[in-house]
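**Student:** dropping a prediction and its sequence here:
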Amino acid sequence: MLILRRITQICLSFVVFAACLFANEGEKVYQTKCASCHEAYIPMTKLMENFVEKENKLLKLKAPTLNQLSYRLKQQIGDPKGDEEIHRMEVSAFISAYLNNPDKQKTVCLRDVIQYFDTMPSMKGQISEEELESVSEYIYDFDKKVVTEKGVKHELFDTALQEAQKTNKIIVIKVMTEHCRYCKKMDREVLVDDQVVKALQKDFVVVQVDITKSSLPLGLTAELTPTFFFIDKNKKVLQKVVGSWNVEDFLEILKETNHLKGTK
Ligand code: HEC
């Protein structure tokens, strides 16, 4: 009996070990075989400045960054709204084909970006099937990983309300759906921005609600996503803001809402 339990334990720790190994494998392949050209993460505002205004002279990038690739591949290849497992396979198949046979005509990148790069050298024979598989997974998940790691944390409404009452912070209810393009745009371009995250952490508590999965608190309703409700500690709606904003405008909205707290 004891032996059996011991064997189960050993097997289980092996499974956990193997899973971690696989997750790290993709990053390792990226570091050794791709990182010499592809930078990992650069904030979107900086990238936009680099490519749109400064003709790549600001950052002098050799290739698109992983946050660009992750996002563009998922938008451009296969059906982004379909089954995730199938979508992963489609993206992975594109990456494999591209690495073996690069062709800028097939690019997923924007013209404004791709024009600064030569075609990537073929990696045929330099990367194994397993390595391709794991690095594709790593790229697929990269964009989301950035948002989770760098973005502001979300609370449940009840927790947020308690914190607001204790600290006089404003509750932000961010109304989104999983496939809302402009929600994702804000997540990756604005809600990960250092200044925005700092401003939110200082004076706000953020609640995220996917309206396809749960209803909004306080009987609130929203027709469009993203919608941001700003609510004070007395559950009074200070402001309702609809749509996607850039960093500058969103910072302005936060500042304005802070003033409203004092007046309403
Ligand atoms: C020697 C530099 C270099 C290395 C090493 C390199 N790349 Fe690239 N890669 C580029 C450049 C330049 C582009 C943009 C031009 C293009 O698309 O061919 C690019 C584009 C891409 C694209 C997008 C294709 C498109 O335009 O739609 C993918 C996906 C990609 N690389 C994946 C990888 C992966 C994964 C690795 C590592 C296993 C890797 N690259 C290694 C230079 C490199």
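**Tutor:** Perfect, thanks for sending it.
**Student:** could you pull out the strands for the stretch 51-200 of the chain?
**Tutor:** Under the criterion DSSP state E, counting those that start in this stretch, strands of the stretch 51-200 of the chain are mapped to 154-155, 170-176.
**Student:** so which of these comes closest to the ligand?
**Tutor:** For the ligand, the closest of the strands of the stretch 51-200 of the chain is strand 170-176, at 27.3 Å, according to CB to the nearest ligand atom. In this view, the C-beta of every residue, glycine as well, is placed from N, C-alpha and C.
**Student:** of the strands of the stretch 51-200 of the chain, which stretch is the most buried?
**Tutor:** Ranked by mean neighbour count, those are led by strand 170-176 with a mean of 23 (mean count of other CB atoms under 10 Å).
**Student:** before we move on, back to that, redo the strands of the stretch 51-200 of the chain as CSV? Include mean pLDDT.
**Tutor:** As requested, these are arranged in CSV below (pLDDT from 0 to 100):
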stretch, mean pLDDT
strand 154-155, 95
strand 170-176, 98
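**Student:** redo those strands as CSV? Include distance to residue 232.
**Tutor:** Conversion of those to CSV gives the following (distance: least, CB to CB, whole Å):
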stretch, distance to residue 232
strand 154-155, 16
strand 170-176, 6
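**Student:** include distance to the ligand when you put these into TSV, please.
**Tutor:** What follows is these, written out as TSV (distance: least, CB to the nearest ligand atom, whole Å):
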stretch	distance to the ligand
strand 154-155	30
strand 170-176	27
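**Student:** out of those strands, which comes closest to residue 101?
**Tutor:** Go through these one by one with CB to CB and the one that ends up closest to residue 101 is strand 170-176, at 37.7 Å.
**Student:** burial count for the nearest residue to residue 139 once chain neighbours are set aside?
**Tutor:** Across the structure, with CB to CB, 6 or more residues apart in numbering as the measure, the residue nearest residue 139 apart from its sequence neighbours is residue 70 (5.4 Å). Residue 70 sits with 23 neighbouring residues when counted by other CB atoms under 10 Å.
**Student:** so the residue nearest to residue 87 when sequence neighbours are not counted versus residue 236, what's the distance?
**Tutor:** Spatial nearest neighbour of residue 87, chain neighbours left out: residue 78 (5.1 Å); criterion: CB to CB, 6+ apart. Plainly put, residue 78 is 45 Å away from residue 236 if you go by CB to CB, to the nearest Å.
**Student:** comparing the two, which residue is more hemmed in?
**Tutor:** When residue 78 and residue 236 are compared on other CB under 10 Å, the one with more neighbours turns out to be residue 78, at 19 against 12.
**Student:** if I read this right, residue 176 contacts residue 209, doesn't it?
**Tutor:** Yes. Because the distance of 7.3 Å satisfies CB atoms under 8 Å, residue 176 is recorded as touching residue 209.
**Student:** need the contact list for the spatially closest residue to residue 233 that is not a sequence neighbour.
**Tutor:** Computed as CB to CB, 6+ apart, the closest residue to residue 233 that is not its neighbour in sequence is residue 164, at 4.3 Å. With contact set as CB atoms under 8 Å, 6 or more residues apart in numbering, residue 164 has these partners: 170, 171, 205, 231, 232, 233.
**Student:** my guess is residue 229 contacts residue 170, does it?
**Tutor:** No. Under the contact definition of CB under 8 Å, residue 229 does not touch residue 170, with a separation of 10.0 Å.
**Student:** measure residue 119 to residue 98 for me?
**Tutor:** The span separating residue 119 from residue 98 equals 10 Å under the rule CB to CB.
**Student:** those two: who's more crowded?
**Tutor:** Each of residue 119 and residue 98 had its neighbours counted (other CB under 10 Å), and the higher figure belongs to residue 98 (18 against 11).
**Student:** report how many residues lie close to the closest residue to that one other than its chain neighbours.
**Tutor:** Counting by CB to CB, 6+ apart, the nearest residue to residue 98 once its immediate chain neighbours are dropped is residue 106, at 6.8 Å. Burial measure for residue 106: 11 neighbouring residues, criterion other CB under 10 Å.
**Student:** from residue 72, how far off is residue 106?
**Tutor:** In this structure, residue 106 and residue 72 are 12 Å apart, going by CB to CB.
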